[in-house]
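Colleague: below are the sequence and a predicted model; questions follow.
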Amino acid sequence: MEFAQLVFPGLGMLVAIFLILIWFWNSLYVIKEWERGVVLRLGRMLPEAKPAGLRLVFWPIETLYRIPLRIETLDVPPQDIITRDNVSAKVNAVCYFKVVDANLALARVQNYLYATSQLAQTTLRSVVGQFELDDILAEREKVNAKLQIILDQDTEPWGIKVTKVEVKQVDIPETMQRAIARQAEAERERRAKIIHAEGEAQAAAKLAEAAAVLEKEPAAIQLRYLQTLTEIGVEKNTTVVFPLPIDIINAWVTSLRTAK
């Protein structure tokens, strides 16, 4: 009898200590620096999320949910779109966002990752379809900015901030690729012809200036004859060139006409 009186109180104390340890273990949480702890007390959310550190909640009355605050990278899968100029294409993108209000991210949407992914896909289809193909390829910053603004406005009630959206790749049909290649080739040929014409115009202008100088100084033409002979003699030593001034030929032609 005395043994039972000694054993049972000690056993009851051990059970009580064991239950206290279980409660304490379930009530103790370590929140990392990049997390916030949202606490529900009997189903009601506390207005302030718990910051990083060692936190104690009164289990099972209170329940803590960890919400990460680091930037999430969301890969938006390729979407079939039709551009403003009726070109079919596949466009994919990447979206960067983070949770700025842990309470809203838990209370306003069931799964903010899935919801943001679906919203990014539908927004990508609708926004990119408003641009022409040339604008999508040449002005991606404009498309990215519009995507970021729309997504940020739609996810703001969920406590999410979309920091950046980038269009990664635009896949177009092979026939359109060939058409774009032909267009680029034609554009380069046009530029080459314009540059060649501008060169000819500049050369003609310089020749006109040179002719004007020679007309004012007739002796300069003789110097050009001698310089040309020097250049020919350096390149082809076996060639003999006899310069005949054009003035002499003009004089002969004039005298013949006068004789007739």
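Modeller: Great, that's in hand.

Colleague: list of residues touching the helix or strand hosting Val143?
Modeller: Val143 belongs to helix 140-155 when elements are defined using DSSP states H and E. For helix 140-155, the surrounding residues in contact (C-beta atoms under 8 Å, 6 or more residues apart in numbering) are 93, 95, 97, 112, 116, 119-120, 123-124, 127-128, 131, 135-136, 161-167. Placement of C-beta: from N, CA and C, glycine included.

Colleague: same thing but 6 Å
Modeller: Helix 140-155 is contacted from outside by 119, 123, 127, 162, 165-167, using C-beta atoms under 6 Å, 6 or more residues apart in numbering.

Colleague: can I take it that Pro47 is in a strand?
Modeller: No. If the criterion is DSSP: H, G, I helix; E, B strand; the rest coil, then Pro47 is coil and not within a strand.

Colleague: give me the neighbour count for the residue nearest to it when sequence neighbours are not counted.
Modeller: Nearest in space to Pro47, with sequence neighbours left out and distances taken as C-beta to C-beta, 6 or more residues apart in numbering, is Asn103 at 7.5 Å. Close neighbours of Asn103, defined as other C-beta atoms under 10 Å, add up to 19.

Colleague: among the contacts of helix 140-155, who's most crowded?
Modeller: Busiest of the contacts of helix 140-155 [other C-beta under 10 Å] is Val165, holding 26 neighbours.

Colleague: that one reaches Phe97, doesn't it?
Modeller: No. With contact defined as C-beta atoms under 6 Å, Val165 does not count as touching Phe97 (8.9 Å).

Colleague: three-state assignment of Arg84?
Modeller: Under three-state DSSP, Arg84 falls in the coil class.

Colleague: does it touch Glu132 like I think?
Modeller: Yes. The pair Arg84 / Glu132 is scored as a contact, 4.7 Å apart, by C-beta under 6 Å.

Colleague: element containing the residue nearest the centre of the chain, please.
Modeller: Centroid-nearest residue in the chain, with C-alpha atoms, centre = their mean: Glu166, separated by 5.2 Å. For Glu166, the element it lies in under DSSP H and E is strand 160-171.

Colleague: cool, and Tyr65?
Modeller: For Tyr65, the host element (DSSP H and E) is strand 62-68.

Colleague: now do the buried residues in that strand.
Modeller: Neighbour-count burial for strand 62-68, counted by 16 or more other C-beta atoms under 10 Å, picks out 64-67.

Colleague: make JSON lines out of these and add distance to Leu74.
Modeller: JSON lines is the format used below for these (distance: C-beta to C-beta, whole Å):
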{"residue": "Leu64", "distance to Leu74": "26"}
{"residue": "Tyr65", "distance to Leu74": "21"}
{"residue": "Arg66", "distance to Leu74": "20"}
{"residue": "Ile67", "distance to Leu74": "16"}
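
Colleague: ok, back up a step: check for me that the residue nearest to Pro47 belongs to a helix.
Modeller: Yes. Remark: Asn103 belongs to a helix, assigned using three-state DSSP.

Colleague: gap between it and Pro60?
Modeller: Separation of Asn103 from Pro60 (C-beta to C-beta, to the nearest Å): 21 Å.

Colleague: again, but for Val91
Modeller: Per C-beta to C-beta, Val91 is found 49 Å from Pro60.

Colleague: for Ala138, same thing?
Modeller: Distance, Ala138 to Pro60, by C-beta to C-beta: 59 Å.

Colleague: also Glu187?
Modeller: 72 Å.

Colleague: buried stuff in stretch 89-101?
Modeller: Buried residues in stretch 89-101 (16+ other C-beta under 10 Å): 89, 91-93, 95, 97-99, 101.

Colleague: nope, stretch 159-179 is what I meant
Modeller: Within stretch 159-179, judged by 16+ other C-beta under 10 Å, the buried ones are 159-162, 164-165, 167, 170, 172.
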